[in-house]
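>>> give the three-dimensional model of this entry:
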Amino acid sequence: MTFLRRLLCLLLCLGLGACASSPPLRYYALDDGQPMAVGKPNGASVAIVQVNLPELVDRPQLVVRATGHRVLLSENDRWAEPLRRQVPRLLARDLGVALDSARVVALSVDAREFDIDFRVMVDVQHLEVVLGQRVELDAVWRVERRNGPTVFGRSQLVEALTDKTSAEDYAAAVGAERKVFGTLAKAIAAKINAP
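Just a heads-up that it's a prediction; the model follows:
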């Protein structure tokens, strides 16, 4: 019986030791926590109706480019919610600021039934993070006007990470991703504002 107790204690200690050495999970959001700016209540009405993301990056773990054809999924650095839900809301928020309109939303339903001036669809072709170096975004997008022609655009953006950023700084990479999506929203807003 003594041998069985010792074995049980040893296994329990090993199990607790393994739990104690596990690195903590860190969760990230593209929203930077800044207060929302409220635009004009009579501004342009815009609905982000579709945002497609590559499956490679739309997963719980943060995905970064390694050398060659390799990518790394960080098991300890994760998105607080799926990117496919974060990105449309982020684009709507940034478009609202760029257009000075309180009437910009992200809809998960078909917006044809809503009284909306502009419908926006975005297809992210490429979103890549290289830790300590850069974030790249390549997106094609379409703006359908209620009264007027449909406008197509493409944004190919690169946000360099600062020299002070370490190769393991996921927070800086998420901040750079936030910036490229903000720049994308400004490009779309410029087309919406164009006569």
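
>>> following element in sequence after the helix-or-strand element of the chain with minimal mean pLDDT, please.
Ranking every helix and strand in the chain by mean pLDDT, DSSP states H and E puts helix 2-20 at the bottom, with a mean of 60. On the C-terminal side of helix 2-20, the nearest following helix or strand under DSSP states H and E is strand 26-28.

>>> return the distance of that following strand from the chain's centre.
From the chain centre to the centre of strand 26-28 is a distance of 13 Å (CA atoms, centre = their mean, to the nearest Å).

>>> burial count for Q50?
18 (other CB atoms under 10 Å). No exception for glycine: its C-beta is placed from N, CA and C like everyone else's.

>>> and it, how far from Y28?
In this structure, Q50 lies at 24 Å from Y28, with CB to CB, to the nearest Å as the measure.

>>> what's near enough to touch D31?
With contacts taken as CB atoms under 8 Å, 6 or more residues apart in numbering, D31 has the following neighbours: 86, 89-90, 93, 178.

>>> in helices, which of those appear?
By the criterion of DSSP state H, membership of those in helices covers 86, 89-90, 93, 178.

>>> for this protein, just list every one of the helices.
For the chain, helices defined by DSSP H occupy the ranges 2-20, 83-99, 170-193.

>>> for the ones you listed, give me CSV that also has distance to D117 and mean neighbour count.
Supplementary listing: the helices of the chain in CSV, determined by distance: least, CB to CB, whole Å; neighbours: other CB atoms under 10 Å:
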stretch, distance to D117, mean neighbour count
helix 2-20, 55, 9
helix 83-99, 10, 21
helix 170-193, 8, 19
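
>>> the residue nearest to F181 when sequence neighbours are not counted and L157, how far apart?
Across the structure, with CB to CB, 6 or more residues apart in numbering as the measure, the residue nearest F181 apart from its sequence neighbours is L90 (5.5 Å). When CB to CB is applied, the distance between L90 and L157 equals 14 Å.

>>> now L73: closest residue in space that isn't a chain neighbour?
Distances taken as CB to CB, 6+ apart place Q61 nearest to L73, at 4.1 Å, with adjacent residues excluded.

>>> what's opposite the residue lying closest to R59 once chain neighbours are set aside in the beta bridge?
Counting by CB to CB, 6+ apart, L73 is the residue found nearest to R59 once chain neighbours are left out, at 7.0 Å. L73 has these beta-bridge partners by DSSP bridges: V63.

>>> just the pLDDT for L73.
Listed pLDDT for L73 reads 92.

>>> with the one 3 residues further on instead?
With respect to pLDDT, N76 has a value of 92.

>>> isn't it right next to Y28, touching?
No - counting by CB atoms under 8 Å, N76 does not reach Y28; the two are 11.2 Å apart.

>>> more crowded one of those two?
Counted by other CB under 10 Å, N76 and Y28 do not tie: Y28 has more neighbours, with 18 against 12.
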